[in-house]
Every structure is written in structure tokens, then in C-alpha cells.
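[1] predicted model and sequence follow; I will ask about them next.
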Amino acid sequence: MEFKRVVVLTGAGISAESGIRTFRDQNGLWEDHPIEDVATPEGFHRNPNLVYQFYNLRRAQLLDSNVKPNAAHQVLAEFETEHIARGGHFTLITQNVDNLHQRAGNQRIIPMHGQLQSALCSVSGLSTPWTSDLTAEHYCQCCATPSPLRPDIVWFGEVPYQLDDCFDAVAQADLFVSIGTSGKVYPAAGFMQVAQEAGAETVELNLEKTSNAFDQGYYGPATEVVVDFFSRLM
Ligand code: NAD
């Protein structure tokens, strides 16, 4: 079957083989920290220095020459180029905050949970590219009275970026592919159902099965199953 409107949702699993750890497979700890400490506004309020430091380490990791897009990121970039050239529509929604899809060359990316290489003005909401360490001493240049900058990460309890665009793309998809996500974090976890209700074929590519609801599932490391699946589509 020829698919015209393809939406891909990715999670931490696609970057695991690039050396970036996921958290769901480590008992809810992200790099040994409870999520409530490093991924909630309350955690930031309680201990801002811990949170700045946590994301500084994650951001610094992206500059490590060993951390680079893997074959799964690359095949998605190739697929996008080819699918668009054939007149198709493509949207890559990622929950990841790393920059590996961008580096692989995908163009139509929605980084719905923010980006490590960006800092956010907590007053205006303006995002600024940021590749070095960020601390409580860094202030924005957008407000009349400079305001503190924070990691540009959508924490639990906050509203993801471009949520309307995500839902529009998912509701119009005829193929929805979920890659390397545990399906535990809403609203992204609800996209599959929206796609299915709209009549899309739904596919899961993961190390292990996360739910029975997908129409098709292929299980194994992303560098194998994602490459196989998209190579067959091209
Ligand atoms: P998760 O950690 O909850 O789940 C990871 C999923 O990836 C699991 O289902 C696991 O089976 C699968 N997986 C692990 N290794 C894999 C591999 N080699 N190939 C294929 N699948 C593999 O991840 P999530 O669902 O994305 O939710 C985590 C949240 O934490 C996200 O919102 C994200 O913003 C954040 N996070 C991001 C990164 C990143 O940017 N790389 C890393 C950790 C956490």
C-alpha cells in the first residue's frame, strides 16, 4: 500500500544506540535522578542548581564526538527526502531533546518537548540557541528587565510545543509510526489512538512491545527494525 501522509513519533529509544540513555528502562530514573527532581517545574523551584547542572551534562554530551546520529536517524532523513520528492507529506514529531534528528538531516521536525541546545526566557517564553553551560546567573536579552533563563525543556505538567500542529498531522496521517517510546508520557502517548480513529495504519518499532493496540509491530534495536521498515517503504 502506498502511504501519502506519514507521521513518525520518536522517543528516547531511537537515540539509545547513539549512547544517550533512556529513562523508562531504568525504573523511572533519568541518569540516576528521579524525574520529579529534574523534569518538573517544582523540582526546578526546589533546587535550580541541580536542574541546571543536570541539563548542562546532557547538553555537553551532544558535543561528544562519539554521540552522533545512528542508522535509524539516518534512514528517517533519507525517507523524508524521498517521500517529499514523490509528493508525499511527512512530519517527524520527537519527544527527544537531543539534536540527532536535526543532525541526520530531517527538515519537518516538531521537537515537542523542547531542545537541550536552547535556553528559555521564563518570562517572555522566547527560546534562544544555547550550546554551553546555563546557570542561574544567565539572563535573557528579550525583556526590558532581563529575566532568568532556564533549560528549554517541556517538563512534566507543562504544555508541549506545537501541540496543535502535532494533533493536526496525526489526525491527517494515513501511516503513523511510533519508534522507541514507552508510550507512558501524555499527550504523545495518545497520538496512536488519534491516528487509528482517523483511519491510519499504526506501526510500533521498539526493542519490546509496549501495547497490543498497534496494527503492526516490529521488535529489535532501532538500528535494525527502523532501517528495515523504512527501507521497505522507500
Ligand atoms: P522512555 O525512556 O520512557 O522509553 C524508551 C523506550 O525505548 C522503551 O520503550 C524501550 O523499550 C525503547 N528502547 C530502548 N532502547 C531501544 C533501542 N535500541 N531500539 C528501539 N527501542 C529502544 O522514553 P520516552 O517514551 O521517549 O519518554 C521519555 C521522556 O524523557 C521523553 O519525553 C524525552 O523528552 C525524555 N528523554 C529524552 C532523551 C533524548 O532526548 N534522547 C533521553 C531520555 C529521556
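    Now that the structure is in, tell me what you want to look at. Numbering: from 1, shown residues only.

[2] the longest strand in the protein is where?
    In terms of residue count, the longest strand belonging to the chain (DSSP state E) is strand 114-121.

[3] list the neighbouring strands of the lowest-mean-pLDDT helix or strand in the chain plus their orientation.
    Counting by mean pLDDT, DSSP states H and E, the chain has its least confident helix or strand at strand 29-30, which shows a mean of 72. Strand 29-30 has these partner strands in its sheet, going by DSSP bridges: strand 33-34 (antiparallel).

[4] averaged pLDDT, the strand it pairs with. What do you get?
    Here strand 33-34 scores 88 as its mean pLDDT.

[5] on the three-state scheme, Tyr55 is what?
    helix (DSSP: H, G, I helix; E, B strand; the rest coil).

[6] for it, what are its contacts?
    38, 116, 134, 151, 153 (Cβ atoms under 8 Å, 6 or more residues apart in numbering). The way it works is simple: take the backbone N, C-alpha and C, and place the C-beta from them, glycine included.

[7] how about Val226: what's its closest non-neighbour residue?
    Leaving aside its chain neighbours, Val226 sits nearest to Ala72 (3.8 Å; criterion: Cβ to Cβ, 6 or more residues apart in numbering).

[8] how many neighbours does that neighbour have?
    29 (other Cβ atoms under 10 Å).

[9] just Tyr186 next, same as before
    Quick note: Tyr186 (other Cβ under 10 Å) scores 10 neighbours.
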